[in-house]
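J.: please find the sequence and the predicted model below.
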Amino acid sequence: MSSPPENHFARSTNHETTALMALYDKTWSEITRLRDYEWKIAYYFVYITSGLIALVATSTIQMILTDTLRWILTIAQIVAMFFAIYYLDVTHGHLTQQRNFRRGIEEYLRFYDDGVYGAHPVLPREWKGLRITKAFERLGLVVPLISMVVLTQIFSIYILWGLATRRSEMHRDVAFRHVEFRTEKGAISGFCLSYPTKEAAIEAGAILRRYITSKGVEKNSHVECRRQPSGGYSVAVVVSVGDQTFKVEIDEVDSQYIHQLNSSLSRFTYYPILIGYMEGESFKLLRPRDFHLFKRDLVVDGRIVLGKTGSKIDWDALFDAEGA
């Protein structure tokens, strides 16, 4: 007695269904991964930007935060923002593609038809034949995520420029004046910040005064000289005391004065920074004993110059000799 013919169609259908179900599971896993990745792109960007905000807000970073560095950071942030928006859009496109793959498998397995897996369809029958577009969840998810990225970036740039500038006392219309103190060991070079009015000089001097007298607060100072294309130097002075910071940037300082400061540090430990002002046609100093800052380090074209240790100077006598 011959055996009944083998049902190749049934076996083929069974294997095909098993393969489709395996693909269906993988598609679901990929949809879940891409959906999580959309959130992660936005979250990672916000975390990194928040770290940058916290870093920029510190007085130590504000000391070295020049306008050039601000522009570099701003451009980098804008580029990063567009990358985040681009990858959010691309990821949403891949997610839409995977959702359509899933829907195609569901239609092939007749999840939308009555009487296949029971009296009622597994999934709503009105979904049958509908294709998912990128508009799906765009307003409900993608736009809010992009808005979160953009708003965080706007706030970061505001901190970088607006708040940092507001926290700082930005001193403009300030001139550079080279000063020398004659001693038996030679001339000590320094410089004076010359303000257009006595009131402005006193305001700046008050910060130096606070720097000298304050105890138990964080204090930092930084002086940097950079050569300009014209051959002169740009001199930046930043002084931070607690939550108060002021910054002076002076362009086109004669290079000979920078060389004299450099030479002076090879023989003496410190160079003084003083405050002065114009009164009519004459220049006057605020009392040096009360309004001064001693610096041992000077950054010249990225190189740190340190004063020579061991040189003892009677600064009180030198200041008194100025008659101020």
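T.: Good, I have the coordinates.

J.: show me where the protein has its helices.
T.: Counting by DSSP state H, the chain has helices at residues 8-56, 59-64, 67-108, 143-158, 164-167, 198-213, 255-265, 315-321.

J.: so how far is the first one off the chain centroid?
T.: Right, the one you point to is helix 8-56. 32 Å (Cα atoms, centre = their mean, to the nearest Å).

J.: what's it packed up against?
T.: Judged by 3 or more Cβ pairs under 8 Å, 6 or more residues apart in numbering; DSSP states H and E, helix 8-56 is in contact with helix 67-108, helix 143-158. Backbone N, C-alpha and C define where each C-beta goes, glycine included.

J.: between those helices, which gets nearest to Val305?
T.: For the helices and strands packed on helix 8-56, the distance to Val305 is smallest for helix 67-108, at 21.1 Å, taking Cβ to Cβ.

J.: hang on, the earlier thing: Asp173 is nearest to which of the helices of the chain?
T.: helix 198-213 (7.9 Å).

J.: now the closest one: buried residues?
T.: Ala200, Ala201, Ala204, Gly205, Ala206, Ile207, Leu208, Arg209, Tyr211 (16 or more other Cβ atoms under 10 Å).

J.: which of these sits closest to Gly118?
T.: For these, the nearest to Gly118 is Ile207 (80.2 Å; Cβ to Cβ).

J.: tell me the contacts of the closest one?
T.: Applying Cβ atoms under 8 Å, 6 or more residues apart in numbering, we find Ile207 in contact with Glu169, Val239, Val241, Gln244, Phe246.

J.: weed out the non-buried ones from these.
T.: Glu169, Val239, Val241, Gln244, Phe246.

J.: isn't the last one right up against Val238?
T.: Spelled out, that is Phe246. Yes: look at Phe246 against Val238 with Cβ atoms under 8 Å: they come within range, at 7.4 Å.

J.: still on that earlier bit, same list, the helices and strands packed on helix 8-56, but as TSV with mean neighbour count please.
T.: As requested, the helices and strands packed on helix 8-56 are exported to TSV (neighbours: other Cβ atoms under 10 Å):
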stretch	mean neighbour count
helix 67-108	16
helix 143-158	16
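
J.: may I ask which two of the buried residues of helix 198-213 are separated the most?
T.: Ala200 and Tyr211 (17.5 Å).

J.: can you list the domain ranges for this protein.
T.: Domains of the chain are assigned by automatic domain parsing as 8-169, 172-321.

J.: tell me which of those domains sits most buried.
T.: By mean neighbour count, with neighbours taken as mean count of other Cβ atoms under 10 Å, domain 172-321 ranks first of these at a mean of 16.

J.: most widely separated two among the contacts of Ile207?
T.: The farthest-apart pair in the contacts of Ile207, when distances are taken by Cβ to Cβ, is Glu169 and Val241, at 10.7 Å.

J.: how close does Gly231 sit to Cys192?
T.: Using Cβ to Cβ, to the nearest Å, one obtains 22 Å as the distance from Gly231 to Cys192.

J.: correction: Ile48
T.: Distance from Ile48 to Cys192, by Cβ to Cβ: 43 Å.

J.: and what of Gly93?
T.: Taking Cβ to Cβ, one finds Gly93 at 62 Å from Cys192.

J.: contact partners for Val223?
T.: Contacts of Val223 (Cβ under 8 Å, 6+ apart): Val235, Ala236, Val237, Val238, Ile273, Lys295, Asp297, Leu298, Val299.

J.: let's see it at 7 Å
T.: Neighbouring residues of Val223 by Cβ atoms under 7 Å, 6 or more residues apart in numbering: Val237, Lys295, Leu298, Val299.
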